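In: Build me a structure from this.
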Amino acid sequence: MENTKIGNKEAIALLVTITFNHIIMNITKALIDSTESASLINVLYIGIIAIIFTSIICYFLKKFPTFDLIDISEYLGGKILKWIVGILFVGYFIFFAGNLLNMFSTCLEIIYFQLVKPKYIVSLFVISTVLACTMRHNAIFRSTFIFFPFLIISTLFIFIGDFRYFVFEKMYPILGNGAYTTFIAGLSNMFAFQGLAYIYFMPPVLKEPDKLKKVAITSIVLSCIFLLISVAIILFMFNGFVETDELLPLYSAVKYIEFGSFFQKLDSTFVLIWIISFVNYLGIALKFSSTILKKITNIENENIFTYLLGIALFFIGIWQKNYALSKFLAGTVYKYMFFIIVIGISLLILLSATVKQKVRKWFKWVKFQQV
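Out: Down below sits the predicted model:
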């Protein structure tokens, strides 16, 4: 059983990869559109809030060693609550992943594969993801860790390669449209830290569940650094997004990179890195969702759910008929779902379960004193 679990470094790479793929798709544009020149301050602000929230999550999870949110839901409300929470998170993971799959496939079609229908691109992603998830010993998690250094290097490469085009005056005025927009309305940008949703399910996956807080905080800090660098690249290079390709904002920045006559037109290399990273992200979403369904149904063969969810992922990835709808769902609908499911309901379950645990201990103590 131990060889199916992952180490702390693999877990950090896993959580950061989730956020990184959100960065690739659309979150940098959403951040800059909402907070404009104050976007860098806003990233630091929501990063601090995310760290505080992560610490709260880990505090409650520590009360239930090796338990994930599904186990805690069963402890709190029995099988009914267990099923409700499980279905909510499976729906959230799969629908959100499917929506990003549609967006990414559309981008690839427009950039490179104009003669290929999006459904064929989607099917290739789904087949690759399902095959990776059905491999033994959580191979998808380990492949994510192996590929993680490429994400770090490629992001730093874009920053360094485009540095000469930066206009740092674009960070003024510091507070953009004002303190309210930056710190109150801008709080909704915490949606960028999608890794938060997966922290609830990390304890049973880790070899050292007692190190969950260290893993979670480190992943949020690294995600914040990734986000800060990505926003800085777009903010300092372009005037908003009037001059920028709406599809894959970082792709527009990559096209400016040149290192002499031998290193030009590097965009295809970065797109390849992003494709592999995106398959890893889809695999993570599919793996966690399959594990949740296995736990709530008590069916031992997890691969059954992997195949079924793969089919669902395919149909979700092709049902949107235009990029604008996918973009609306990712930036508005799923943002509300994030705050309702990941922030609201989940935290309420952890809090309620902790209260129940303390009450039970108190009653046991009272009975012991009476005896």
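
In: Identify the spatial nearest neighbour of Leu222, chain neighbours not counted.
Out: If the residues on either side of it in the chain are set aside, Leu222 comes closest to Val16, at 4.8 Å by Cβ to Cβ, 6 or more residues apart in numbering. Where C-beta positions appear, they are placed from N, C-alpha and C, glycine not excepted.

In: mean confidence for stretch 10-27?
Out: On average, the pLDDT along stretch 10-27 is 89.

In: Any idea how far it is from the middle of the chain?
Out: Mean C-alpha position of stretch 10-27 versus that of the full chain (Cα atoms, centre = their mean, to the nearest Å) differs by 5 Å.

In: Of all the residues in it, which ones are buried?
Out: In terms of neighbour count (16 or more other Cβ atoms under 10 Å), stretch 10-27 has its buried residues at 10-27.

In: Helices - which of the residues you listed land there?
Out: With helices taken from DSSP state H, the overlap with the buried residues of stretch 10-27 comprises 10-22.

In: Might you report the residue contacts of Gly331?
Out: The neighbours of Gly331, taking Cβ atoms under 8 Å, 6 or more residues apart in numbering as the test, are Asn26, Ala30.

In: Give me the pLDDT value at it.
Out: Reading off the per-residue confidence, Gly331 sits at a pLDDT of 77.

In: helix/strand/coil for it?
Out: What DSSP: H, G, I helix; E, B strand; the rest coil gives for Gly331 is helix.

In: Can you tell me how far it is from Phe193?
Out: Gly331 sits 15 Å away from Phe193, taking Cβ to Cβ, to the nearest Å as the criterion.

In: do the same with Leu282
Out: Between Leu282 and Phe193 the computed distance is 19 Å (Cβ to Cβ).

In: just Ile299 next, same as before
Out: Distance, Ile299 to Phe193, using Cβ to Cβ: 32 Å.

In: of these two, who's got more company?
Out: Summary of the neighbour comparison: Ile299 and Phe193, criterion other Cβ atoms under 10 Å, with Phe193 having more neighbours (28 against 11).

In: which regions of the stretch 51-200 of the chain lie under the pLDDT threshold?
Out: Residues of the stretch 51-200 of the chain meeting the criterion pLDDT under 70: 137.

In: what helices or strands is the longest helix anywhere in the chain leaning on?
Out: Ordering each helix of the chain by length in residues (DSSP H) puts helix 69-111 first. Applying 3 or more Cβ pairs under 8 Å, 6 or more residues apart in numbering; DSSP states H and E, one finds that helix 69-111 makes contact with helix 118-133, helix 196-199, helix 267-297, helix 302-319, helix 323-328, helix 334-337, helix 346-370.

In: Out of the ones in helices among the buried residues of stretch 10-27, which is nearest to Val342?
Out: Comparing those against Val342 with Cβ to Cβ places Ile18 closest, at 12.0 Å.

In: excluding its backbone neighbours, what's nearest that closest one?
Out: With Cβ to Cβ, 6+ apart, the residue lying closest to Ile18 is Gly195, at 4.6 Å.

In: ok, now Gly283?
Out: If you skip the residues right next to it in sequence, Gly283 has Ile140 as its closest partner in space, 3.8 Å away by Cβ to Cβ, 6+ apart.

In: Ile276 is in contact with that neighbour, correct?
Out: No - in this structure, Ile140 is not within contact of Ile276 by Cβ atoms under 8 Å, at 12.0 Å.

In: Between those two, tell me which one has more neighbours.
Out: When Ile140 is set against Ile276 and neighbours are counted by other Cβ under 10 Å, the residue ahead is Ile140, at 22 against 16.

In: pretty sure that one belongs to a strand, no?
Out: No - going by three-state DSSP, the assignment for Ile140 is helix, not a strand.

In: Now Glu74. Nearest residue, chain neighbours left out?
Out: Once its chain neighbours are removed from consideration, Glu74 has its nearest residue in Lys82; the separation is 4.0 Å (Cβ to Cβ, 6+ apart).

In: tell me the contacts of the one you found?
Out: Taking Cβ under 8 Å, 6+ apart as the definition of contact, the neighbours of Lys82 are Ile70, Ser73, Glu74, Ile296.

In: distance of it from Ala324?
Out: From Lys82 over to Ala324 the distance is 37 Å, taken as Cβ to Cβ.

In: go on, Ile72?
Out: Look at Ile72 and Ala324: by Cβ to Cβ, they are 39 Å apart.
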